[in-house]
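A.B. asks: Sequence first, predicted coordinates after that:
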Amino acid sequence: MARNKFPEETERRILEVSRRLFTEKGYEHTTIQDIVDALGMSKGAIYHHFKSKEDIYDRICDSYYGKQPWMRQPNTLPGENALEKARYLFRFMLSDPEKLQLDRLIPNTERLDPRLLEMTLRSTIADAAPLLTTLIEAGNADGSLHIDQPRQVSESFMVLMNLWVGNCTTDKEDFLAKLRFMRRFSDQMGLPVIDDELFSIAERYFDFVMPQ
């Protein structure tokens, strides 16, 4: 078998075509064979770069976050202090058009898939929580926050938001009830990021991403 001299280009093509198919057919209705047929590659070539359809979706998400400058430099987020930067970040993540389209690829019926839940948990602990930890530590330094255990607060908040609220929601009423709980919970932890504006944005997020 000839060696692939341009693996990065091949991966880019796989991700590009897969995202198009996920958008057109829906994630749950797109198979690896669909991706193979659209690319004109063998299954072996796909599996050489990605272990599964979930792995492809994970990499699509990574590519989105990878181009956001605040993932590497949270201080570039707008806001006069770290609390304002954190509020801006959550508003952005629930309203950015590209992020909305990305989240919409996974329908409600697929959100409890064990493989997707494991992927979400892994990325939450490895990527999302550390970013929030950095903001909390900056808030402790600038006086906008006063949190004794930044990492533990970040991880618990992000796990609950991404998995419990984002994945384990049955309908809009359940989503809003969980969000109200998270508002009280985060306020008590000293992390008042869910204000009235964010709550309204989250409601619109649900209507777009998880329509009933």
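C.D. replies: Yes, it's here.

A.B. asks: what's the worst-scoring helix or strand of the chain on mean pLDDT packed up against?
C.D. replies: Across the helices and strands of the chain, mean pLDDT, DSSP states H and E gives its lowest value to helix 114-123, namely a mean of 88. With contacts taken as 3 or more C-beta pairs under 8 Å, 6 or more residues apart in numbering; DSSP states H and E, helix 114-123 sits against helix 53-66. (Each C-beta comes from the backbone N, C-alpha and C, glycine too.)

A.B. asks: what element comes up after the helix it packs on heading to the C-terminus?
C.D. replies: Using DSSP states H and E, the helix or strand that directly follows helix 53-66 along the chain is helix 82-93.

A.B. asks: Okay, angle between that next one and helix 53-66 too, please.
C.D. replies: Going by axes from the mean of the first three to the mean of the last three C-alpha atoms, to 10 degrees, helix 82-93 is angled at 130 degrees with respect to helix 53-66.

A.B. asks: Which neighbouring elements make contact with helix 82-93?
C.D. replies: So helix 82-93, by 3+ C-beta pairs under 8 Å, 6+ apart, packs with helix 129-142, helix 196-209.

A.B. asks: the domain parsing of this protein - what is it?
C.D. replies: With domains defined by automatic domain parsing, the chain comprises 7-52, 68-209.

A.B. asks: okay, those in JSON lines with mean neighbour count next?
C.D. replies: Shown next, in JSON lines, are these (neighbours: other C-beta atoms under 10 Å):
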{"stretch": "domain 7-52", "mean neighbour count": "15"}
{"stretch": "domain 68-209", "mean neighbour count": "16"}
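
A.B. asks: I'd like these as CSV, with distance to Ile60 appended.
C.D. replies: As requested, the domains of the chain are exported to CSV (distance: least, C-beta to C-beta, whole Å):
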stretch, distance to Ile60
domain 7-52, 5
domain 68-209, 7
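
A.B. asks: where among the ones you listed is the average confidence lowest?
C.D. replies: Looking over these, mean pLDDT reaches its minimum on domain 7-52, with a mean of 91.

A.B. asks: roughly how far is that domain from the heart of the chain?
C.D. replies: From the chain centre to the centre of domain 7-52 is a distance of 20 Å (C-alpha atoms, centre = their mean, to the nearest Å).

A.B. asks: Give me the distance between the two termini of that domain.
C.D. replies: 17 Å (C-alpha to C-alpha, to the nearest Å).
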